[in-house]
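A.B. asks: pasting the sequence and the predicted model now:
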Amino acid sequence: MAKSTSVIDKLKNGAWHPSAGLRITSPAVVALIGYAVLVLIVLLPIDMYVYDEKTDKYVKQKYSFSYRFLVALLLLFPFLLSVYSVNCMMVGSCTLWSWVVALLTLLWSVVITVTAFSSGSFSVDQML
């Protein structure tokens, strides 16, 4: 009888599932610490300067805590996905996750291509 290789069987036979708990590997912890440092840097009240064409000078831009907090929240999702990917590479049984990453990469490249061609600033004639 052939051995079953469905995703559900893999989850039951050794990969992570809710009753087994999540095993976090050392590389994932290192990545998590790195991302925590980046989030802390984003939350620091560092002045931002932008170039003002009218005055031909760099002027200080308001950078409120609520804006910094929003940026930190938006960064959390890709950071956590990255930590999960690093952990998955170490633990194994990442077939489903690799397909998710591959399809998201393909979708991302299609969106960028469509945006580039539909913006009007780029055409196929430029490439020929």
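C.D. replies: Received it, and whenever you're ready, just let me know what you need.
A.B. asks: for the rest of this, base every contact and every neighbour count on C-alpha atoms.
C.D. replies: Will do.
A.B. asks: low pLDDT regions in the chain?
C.D. replies: 1-22, 120-128 (pLDDT under 70).
A.B. asks: the helices in the chain, which residues?
C.D. replies: 7-12, 26-43, 65-91, 95-118, 124-127 (DSSP state H).
A.B. asks: can you put those in CSV and add mean neighbour count?
C.D. replies: Formatted as CSV, those follow (neighbours: other C-alpha atoms under 10 Å):
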stretch, mean neighbour count
helix 7-12, 14
helix 26-43, 15
helix 65-91, 15
helix 95-118, 12
helix 124-127, 6
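A.B. asks: out of those, which gets nearest to residue 53?
C.D. replies: When these are compared by C-alpha to C-alpha, helix 65-91 sits nearest residue 53, at 24.0 Å.
A.B. asks: can you name every helix or strand that that closest one contacts?
C.D. replies: With contacts defined as 3 or more C-alpha pairs under 8 Å, 6 or more residues apart in numbering; DSSP states H and E, helix 65-91 has these neighbours: helix 26-43.
A.B. asks: the helix it packs on vs helix 65-91, what angle?
C.D. replies: Helix 26-43 and helix 65-91 are oriented at 170 degrees to each other (axes from the mean of the first three to the mean of the last three C-alpha atoms, to 10 degrees).
A.B. asks: number the residues from 23 up from this point.
C.D. replies: From this message on, residue numbering opens at 23, which makes the last subject helix 48-65.
A.B. asks: contacts for helix 48-65 next, please.
C.D. replies: 87, 90-91, 93-94, 97, 101-102, 105-106, 108-109, 112 (C-alpha atoms under 8 Å, 6 or more residues apart in numbering).
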